[in-house]
Every structure is written in C-alpha cells, then in structure tokens.
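Q: Let's see this in three dimensions:
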Amino acid sequence: MPFVVLDSNLPADSFSSGFLQRFCCVTAAALGKPEDRMNMVVHPGLPMLVSGSCAPCVVVSVSAISVTDSAEKNKEHSAKIFKFLTEELSLAEDRIVIQFLELQPHQVGKKGTVMSFL
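A: Numbers count the residues shown, from 1 in each chain. Here you go, the predicted structure:
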C-alpha cells in the first residue's frame, strides 16, 4: 500500500486531466504493486525552492512497505519515476527530487486496524 505525494510549484493547469492516473500506473509498475493499492496525491501551485532556486520543480515522497528498503531498489524506482516526470512535465532532472521512505506494517492503518493484522 504505497503512498506517493507530489508537491510542485507548477500551476494546476500544468498537470493534464489524465496525469494522476498515468503517474499512478507508472509508479505502481515501478514499485511492483497493483494500481488498486496505490494512494496518490498531487499538490500543485505551492511556494517551493529546490537546490536554492524557485524555478519550476517537483518533490516526490514515496512511502511503502518492503519495496523502498534498499539503494538498489530505489535506484530502479527513481529511474522510472524520473523518466515519466521529465517527459510529462518537461522538467530537467535537476528540478526533481524524490524521497523514498520505508514503512513498517504497523505504521499503516486500514479497515480499523494496521497492516500487520491484515
């Protein structure tokens, strides 16, 4: 049950109507998770600074159980997510930052309990 949050200073109209669904598809495939397990949020139009510049940028946080727990895995995930975002949003790679966070099953609540018990 991955959680993906994309924050950007790009205006909302920079994100096409199908962006969220395509981003979900790409990220789910990169993480090896089914799309119906993904939780995605896009926050456009934020005041942001990346690498000392307020030029157009994106910061993505990817939190998941057991698929973001190694440099090797995250390197593969990163390449696929960067490819999508650079093409879709016409941003240079240096204007995108991805943070990978490893979650434990007891840190994710669902259906009145936590994933440890599901």
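Q: residues touching Phe82, list them.
A: Contact analysis of Phe82 by Cβ atoms under 8 Å, 6 or more residues apart in numbering lists Glu93, Ile96, Ile98. Glycine gets a C-beta too; all of them are placed from N, C-alpha and C.
Q: Would you mark the buried spots in the longest helix seen in the chain?
A: Longest helix of the chain, by residue count under DSSP state H: helix 71-89. Neighbour-count burial for helix 71-89 flags Lys73, Asn74, His77, Ser78, Ile81, Phe82, Phe84, Leu85, Glu88, Leu89 (criterion: 16 or more other Cβ atoms under 10 Å).
Q: circling back to that earlier point, Serialize the contacts of Phe82 to TSV and add fields for secondary structure, neighbour count and distance to Ser17.
A: Shown next, in TSV, are the contacts of Phe82 (DSSP: H, G, I helix; E, B strand; the rest coil; neighbours: other Cβ atoms under 10 Å; distance: Cβ to Cβ, whole Å):
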residue	secondary structure	neighbour count	distance to Ser17
Glu93	helix	11	25
Ile96	strand	21	22
Ile98	strand	17	24
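Q: between the residues you listed, which is nearest Pro11?
A: Pro11 lies nearest to Ile96 out of the contacts of Phe82, by Cβ to Cβ, at 16.9 Å.
Q: what about the helices in this structure?
A: Using DSSP H, helices in the chain cover 19-31, 71-89.
Q: As CSV, those with distance to Arg37 would be great.
A: As requested, the helices of the chain are exported to CSV (distance: least, Cβ to Cβ, whole Å):
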stretch, distance to Arg37
helix 19-31, 8
helix 71-89, 15
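Q: Brilliant, that's me finished.
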